[in-house]
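Undergrad: please work out how this folds:
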Amino acid sequence: MSEKCILVGQSGGPTAAINSSLAGVIAAGIEAGVRVEGMRYGIQGFLDGRSVRLDEAFANPIDLELLRNTPSSWLGSCRYKLPSPADDEATYQHLFRRFKEIGAAAVLYIGGNDSMDTIAKLGAFGREYGSDIRFIGVPKTIDNDLVSTDHTPGYGSAGRFVATAMNEIAYDADVYDLKSVTYVEIMGRDAGWLAASASLALARPDVVLLPEVPLDESALMDRVSSILEQKNTVMVGVSEGVCTPDGRLICEHAAAPGVGTDEFGHLATLSGAGRYLAALTKEQLGCKTRAVELSTLQRCASYVASQTDLDEAFELGRAGVRAALSGETTKMCALERVSNDPYEVRTRLVDVLAVANQVKHVPREWIAEDGMDVTDELMAYMRPLIGELPSQLAPIG
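TA: So this is what the prediction gives:
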């Protein structure tokens, strides 16, 4: 075993695929004959001296295969915002001492936008101070909002769950001979990729609301009322990040008093859009309404995990190790789509400084003109990531 060490951490929200990326890192490290160490509870836990030897913990190939299919974050996670060196250079000095103590030749961080911010800061600091440690980001986020990559691991599996849940809720809601409207609230703080996946349900929702298009409440009520004239049950998929035309989050109408923000400035509790719209609909249309929040169920539903998602997550973890060992630094491993049919992607490296703190929105041309549905182009983009859904069902009557 080489004295070289690959240090890897996981950060942000857990997903059904983040451990597959971790397994890819471990597998590539073992193949290269290097030691693989893991940060316990992300960069924050590592600052406190917590780490684990991964190439020994997963030396058995069976255990490594189990890890590929295990949801959540095996190493533990954190939502720690690394300060800028100008504000707190001591933290960086401490981190780089810890990197040296553990013998890290490369540091890989598996996570979303905030995690890429961490890699960008570490890479820039290391470059400025002449460190030869390599820093590589491995993407994951169910929000699918990282720029410079076609999509992110975690999204396909979460989208598969959303589409499955939307289908099941629609069948449940349609059993009574009365007028009703059901709002299914789906995660997505800044971008509507995940909410859009609801449209892949066999019982496709009548309305899909994304953060990219400001919501006109009166137009929504007119649309729902029109649909109720044609059928009993109306299904609406709504992103938690849907805003009013003046930029105010719809969920703020229903937010509990005193809800604060996390270390990255995001609302600590971002939910309530569905509850608010259900109450508004009941008040204005006088029909039965219901709000269903999928909440954290979306993140780690391994029983409906997308195999494409798990496989790509694994390959991105492997690609991260290969990139680091070949001398690359301050990069993120990304996916480039070659074709939809047959579906094909390849991995590539992008500058993590161009990824951090950016948001990839659903293109406006992939959203219906009235902002209440998605286009065939977006459906074609999502289908290969989410995979085939059960279709041997009788249509809703």
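Undergrad: number of residues surrounding residue 307?
TA: Residues within reach of residue 307, counting by other C-beta atoms under 10 Å, total 12. In short, each C-beta sits where N, CA and C put it, glycine included.
Undergrad: what number of residues lie near the closest residue to it other than its chain neighbours?
TA: Distance criterion C-beta to C-beta, 6 or more residues apart in numbering; nearest residue to residue 307, sequence neighbours excluded, is residue 387 at 6.5 Å. Neighbourhood size, residue 387 [other C-beta under 10 Å]: 19.
Undergrad: wait, residue 387 touches residue 306, no?
TA: Yes: in this structure, residue 387 is within contact of residue 306 by C-beta atoms under 8 Å, at 4.9 Å.
Undergrad: joint contacts of the two?
TA: 156, 160 (C-beta atoms under 8 Å, 6 or more residues apart in numbering).
Undergrad: can you give me the helices in the protein?
TA: Taking DSSP state H, the helices of the chain run over residues 18-32, 42-47, 54-57, 61-68, 89-102, 113-128, 155-173, 193-196, 217-228, 273-285, 307-325, 376-386.
Undergrad: of these, which approaches residue 342 most closely?
TA: Minimum separation from residue 342 across the helices of the chain (C-beta to C-beta) falls at helix 376-386, 8.8 Å.
Undergrad: what's the closest one packed up against?
TA: In this structure, helix 376-386 packs against helix 155-173, helix 307-325, strand 331-340, with contacts taken as 3 or more C-beta pairs under 8 Å, 6 or more residues apart in numbering; DSSP states H and E.
Undergrad: and these as a markdown table, adding mean pLDDT and distance to residue 236?
TA: Shown next, in a markdown table, are the helices and strands packed on helix 376-386 (pLDDT from 0 to 100; distance: least, C-beta to C-beta, whole Å):
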| stretch | mean pLDDT | distance to residue 236 |
| --- | --- | --- |
| helix 155-173 | 97 | 10 |
| helix 307-325 | 98 | 26 |
| strand 331-340 | 97 | 28 |
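Undergrad: just put the ones you listed in a markdown table and tack on distance to residue 378.
TA: Converted to a markdown table, the helices and strands packed on helix 376-386 look like this (distance: least, C-beta to C-beta, whole Å):
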| stretch | distance to residue 378 |
| --- | --- |
| helix 155-173 | 11 |
| helix 307-325 | 17 |
| strand 331-340 | 12 |
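Undergrad: closest one to residue 294 among the ones you listed?
TA: helix 155-173 (5.9 Å).
Undergrad: from the chain's centroid, how far away is that closest one?
TA: A distance of 16 Å separates the centroid of the chain from that of helix 155-173, by C-alpha atoms, centre = their mean, to the nearest Å.
Undergrad: okay, the angle between it and helix 307-325?
TA: In terms of direction (axes from the mean of the first three to the mean of the last three C-alpha atoms, to 10 degrees), helix 155-173 departs from helix 307-325 by 160 degrees.
Undergrad: show me what helix 155-173 is packed against.
TA: Using 3+ C-beta pairs under 8 Å, 6+ apart, helix 155-173 sits against strand 180-186, helix 193-196, strand 233-239, helix 307-325, helix 376-386.
Undergrad: how about 6 Å then?
TA: Helices and strands touching helix 155-173, by 3 or more C-beta pairs under 6 Å, 6 or more residues apart in numbering; DSSP states H and E, are strand 180-186, helix 307-325, helix 376-386.
Undergrad: name the surrounding residues that touch it.
TA: Here helix 155-173 makes contact (C-beta atoms under 6 Å, 6 or more residues apart in numbering) with 16-17, 142, 144, 182, 184, 186, 194, 197-198, 200-203, 233, 235, 292, 294, 298, 301, 304-306, 308-309, 385-386, 389.
Undergrad: cutoff 7 Å now
TA: By C-beta atoms under 7 Å, 6 or more residues apart in numbering, the residues outside helix 155-173 that reach it are 15-17, 141-142, 144, 180, 182, 184, 186, 193-194, 197-198, 200-203, 205, 233, 235, 237, 292, 294, 298-299, 301, 304-306, 308-309, 382, 385-387, 389, 396.
Undergrad: again, but for stretch 141-154
TA: 12, 15-18, 21, 112-113, 116, 139-140, 155, 158, 187-191, 193-194, 298-299, 309, 312-313, 316, 334-337, 345, 350, 354-355, 358-360, 385.
Undergrad: for that stretch, output the C-alpha coordinates as CSV.
TA: This file holds the C-alpha atoms of stretch 141-154, laid out as CSV (Å, rounded to 0.1, in the frame of the first residue of the first chain):
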residue,chain,number,x,y,z
THR,A,141,-27.7,16.9,-5.1
ILE,A,142,-31.3,15.9,-5.5
ASP,A,143,-32.0,19.5,-6.6
ASN,A,144,-29.9,19.0,-9.8
ASP,A,145,-28.9,22.7,-9.7
LEU,A,146,-25.1,22.5,-10.2
VAL,A,147,-23.9,24.2,-13.3
SER,A,148,-21.4,22.8,-15.8
THR,A,149,-22.8,19.2,-15.5
ASP,A,150,-25.7,17.7,-17.4
HIS,A,151,-27.2,16.4,-14.1
THR,A,152,-26.1,15.4,-10.6
PRO,A,153,-26.2,12.1,-8.8
GLY,A,154,-29.1,11.9,-6.4
